[in-house]
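[1] The sequence and its predicted three-dimensional model are supplied below.
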Amino acid sequence: MKQPARLPAEAPIDMPVQQFDGPPPPRRIPEPWSGPSEDGGDLLARRVLLVLLTAMLATAASTALKESLVADGWSVTDALLLVIFFPLFALISFGFINASIGFLLLITGLRPGFMPTPRWSAPLKGRTAILMPVHNEDVAAVYGRIAQMAEAIAQGGMAKHFDFFILSDSAPEAEAEEVAAWRALAQQLDCALYYRRRTQNVGRKPGNVAEWIRRFGGAYDYMLMLDADSLMGGDTIIGMAQVLDRRPAVALLQTVPMVIGATTLFQRWMQFASHLYGPISTAGLVWWSGSEATFWGHNALIRIEAFAACCGLPELPGGPPFGGTIMSHDMVEAALLRRRGWRVHMVLTDATFEEYPPTLIDAAVRDRRWAQGNIQHLRLLGASGFHWINRLQLLLGASAYLASPLWLLLILTSIVQALVGEPSLMNRGTSAVVLAVTLLLLFGPKLLSVIWATADRERREALGGWRTIGLSVLLDVPLSMLVAPAIALTQTIDLVGIAAGKRSAWDPQSRQRDGLAMRDILPRYRWHLGFGMVLLLLSPLMPVTALWLLPVTLGLLLSPLAVQWTASARAGAWAARHAIFEPRYGQLRTAPLPEQRVGPAPTPV
């Protein structure tokens with residue numbers, strides 16, 4: 001049997017490094033699509049409505065709080081509370097309005113939600129490279145996913161249009177196993193499969209991809225960007241390539257992957273939550289983002305010509321957290337594409353999947369990298385030529401992490417007020433109403449999601465029926481309240497480390513685990529336990545405030561137990577046996593895992 005080529009002939013393409021200051025580069029206006037409007041209405045009006053509603057809610061709540069605070073005199077702590085409160089309330093108001101819009105679109109049928117990617121009878125014009133960057137991953141799992149996707153594409157009759165590339169940044173000792181697996185699989189597939197390992201991991205994942213583009217990108221029209229845990233259906237991949245064939249002005253199609261492969265209770269919880277709560281928020285996001293959608297770095301099809309011309313990332317001057325390699329590169333790349341006139345869209349299509357970290361600790365490790373990357377984006381808010389929606393997306397990404405220390409500062413300020421004898425936030429009538437409205441905005445999207453999910457029989461049965469939805473929500477809400485304080489404190493500690501210049505490690509992601517020993521948990525949660533004990537000891541001195549803060553106190557004190565319980569695959573199996581976090585069929589439950597079976601792509605819902 002003929003041995004496969006490790007790499008194809010090189011086809012270099014220029015990928016100039018971009019600048020964020022000075023005059024923006026000239027806009028490249030591709031040939032517009034001549035069909036109906038892709039935006040379905042006036043995008044500016046949608047965005048103005050979203051911003052105005054957010055500002056109105058935040059202003060109304062802040063005004064009510066201010067009136068309550070000044071009723072008995074004004075203090076420094078009152079002013080601090082008000083300064084902290086406005087951005088926090090604006091952030092949750094934005095999320096609530098976005099979800100409410102998505103709910104209205106889905107419940108009225110104005111947006112169909114997730115649906116199969118369209119297919120046309122016309123043959124594919126462009127060639128696509130499917131890129132899977134890996135970094136010390138489970139070899140069997142990675143190659144199994146590639147085999148599934150390649151076979152599904154071949155079944156669609158399009159194998160000659162798609163080549164797979166494994167772009168390894170793994171350690172030298174992993175190369176032998178990766179090469180052996182590549183050689184064995186490459187001989188079996190109809191699609192070409194290539195393997196390349198870099199000896200110098202310059203620029204992490206974006207540097208890995210940029211190196212491939214500069215060497216081989218000229219031979220392809222599109223690239224499908226994957227992560228090592230990504231899985232996509234063959235019809236979805238082919239259909240997306242056809243969309244880019246037909247729409248020359250579109251540079252990037254970002255899908256919304258669903259979580260699969262859950263075994264631990266934490267993974268099952270996140271998997272179910274993504275299917276129940278995700279659609280309405282995503283529908284709202286698509287409604288206002290239009291052709292300025294964001295990029296999540298994986299499960300997205302990209303026009304190579306546009307990406308190479310626009311997205312060469314520079315090293316930012318200075319040290320971390322704001323200098324060095326751009327860590328959360330994806331949102332920046334979307335902004336760079338848009339400033340040259342290319343369209344970036346998010347599509348709600350099926351058969352696009354990813355896995356989720358198995359424990360709260362593994363999720364926090366990944367979250368730490370994202371935190372540094374998103375905080376780094378604050379430096380790029382003034383980049384020349386960025387669309388204002390892209391700037392808003394960068395700001396929202398950073399705000400998601402800055403919110404955690406602000407929430408904790410709000411709590412600490414209220415505690416100080418209670419201890420010095422001032423009326424605290426929790427002791428005021430109007431403030432209590434504002435806090436109640438805050439809880440409504442926080443949990444309102446969950447309620448709207450349940451209404452939408454149960455309004456249709458097929459959708460309801462797909463999620464397991466009334467019993468599964470009901471039991472899952474009854475466990476999800478207290479679990480969310482229990483782990484939220486610990487997550488907020490973890491993010492705050494991470495931000496302190498980032499501000500101090502502590503770099504994020506580039507370690508392999510853990511994707512499978514069964515349980516955590518308490519000796520591994522306690523060192524990571526000593527600050528959480530300490531803060532919880534302080535709140536508990538202060539409770540007799542501030543009884544009313546302590547009652548309001550009881551969920552925070554319990555969440556911090558019980559955080560090690562919550563981490564250990566949710567990290568258990570046995571607990572995950574218990575939940576499945578009791579129809580909790582366990583949809584009833586097919587794609588919602590799990591896509592076939594690579595180690596179980598190499599076969600066709602998952603059947604679309």
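    Everything's here; your move.
[2] Tell me where the stretch 501-605 of the chain has helices.
    Remark: helices assigned in the stretch 501-605 of the chain by DSSP state H, counting those that start in this stretch are 518-521, 526-538, 543-548, 550-557, 559-566, 569-577, 586-589.
[3] Compare those helices and report which one is nearest to Leu224.
    helix 586-589 (19.5 Å; Cβ to Cβ). From N, CA and C alone the C-beta is placed, and that goes for glycine too.
[4] just to revisit the earlier point, would you reformat the helices of the stretch 501-605 of the chain as CSV and include mean neighbour count?
    Shown next, in CSV, are these (neighbours: other Cβ atoms under 10 Å):
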stretch, mean neighbour count
helix 518-521, 13
helix 526-538, 16
helix 543-548, 15
helix 550-557, 19
helix 559-566, 20
helix 569-577, 17
helix 586-589, 18
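[5] thought Ser168 was touching Glu175?
    Yes - assessed by Cβ atoms under 8 Å, Ser168 is found in contact with Glu175 at 7.3 Å.
[6] Worst mean pLDDT among the helices of the stretch 501-605 of the chain?
    Per-stretch mean pLDDT for these is lowest at helix 586-589 (a mean of 37).
[7] most residues in a single helix of the protein, which one?
    helix 465-499 (DSSP state H).
[8] Point out the other helices and strands that that one packs with.
    Here helix 465-499 touches helix 265-289, helix 360-376, helix 388-419, helix 429-454, helix 526-538, helix 550-557, helix 559-566, going by 3 or more Cβ pairs under 8 Å, 6 or more residues apart in numbering; DSSP states H and E.
[9] can you map out the strands along the stretch 1-150 of the chain?
    With strands called from DSSP state E, counting those that start in this stretch, the stretch 1-150 of the chain shows them at 128-134.
[10] Can you pull out the low-pLDDT segments for it?
    Counting by pLDDT under 70, the stretch 1-150 of the chain shows low-confidence ranges at 1-2, 29-41.
[11] go with 80
    Applying pLDDT under 80 to the stretch 1-150 of the chain flags the ranges 1-3, 28-41, 68-74.
[12] For the stretch 401-550 of the chain, give me the ranges with low pLDDT.
    For the stretch 401-550 of the chain, the ranges with pLDDT under 80 are 421-435, 501-513.
[13] ok so, going back, please identify the buried residues of the longest helix of the chain?
    Neighbour counts over helix 465-499 (16 or more other Cβ atoms under 10 Å) mark 468-469, 471-473, 475-476, 479-495, 497-498 as buried.
[14] Of Ser168 and Glu175, which one has the most company?
    More crowded of Ser168 and Glu175, by other Cβ atoms under 10 Å: Ser168, with 24 against 14.
[15] contacting residues around that one?
    133-135, 174-175, 178, 195-198 (Cβ atoms under 8 Å, 6 or more residues apart in numbering).
[16] The residue nearest to it when sequence neighbours are not counted: what's it in contact with?
    Once flanking residues are discounted, Ser168 sits nearest to Arg197: 3.9 Å by Cβ to Cβ, 6 or more residues apart in numbering. By Cβ under 8 Å, 6+ apart, Arg197 lies in contact with 168-170, 175, 178.
[17] where does Arg197 fall, phi/psi-wise?
    Geometry field for Arg197 lists phi and psi as phi -110, psi 130, criterion degrees, to the nearest 10.
[18] what does Phe165 give?
    phi -130, psi 130.
[19] what separates it from Phe216, distance-wise?
    8 Å (Cβ to Cβ, to the nearest Å).
[20] who touches both of those two?
    Applying Cβ under 8 Å, 6+ apart, one finds that Phe165 and Phe216 are jointly contacted by Ala129.
[21] coming back round to it: could you dump the helices of the stretch 501-605 of the chain to CSV with distance to Arg391?
    Formatted as CSV, these follow (distance: least, Cβ to Cβ, whole Å):
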stretch, distance to Arg391
helix 518-521, 39
helix 526-538, 34
helix 543-548, 36
helix 550-557, 33
helix 559-566, 35
helix 569-577, 40
helix 586-589, 36
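[22] Indicate which one of the ones you listed is closest to Phe322.
    helix 526-538 (25.0 Å).
[23] Quick one: list the elements packing against that closest one.
    Using 3+ Cβ pairs under 8 Å, 6+ apart, helix 526-538 sits against helix 388-419, helix 465-499, helix 550-557, helix 559-566.
[24] switch the cut-off to 7 Å
    Counting contacts by 3 or more Cβ pairs under 7 Å, 6 or more residues apart in numbering; DSSP states H and E, helix 526-538 packs against helix 465-499, helix 550-557.
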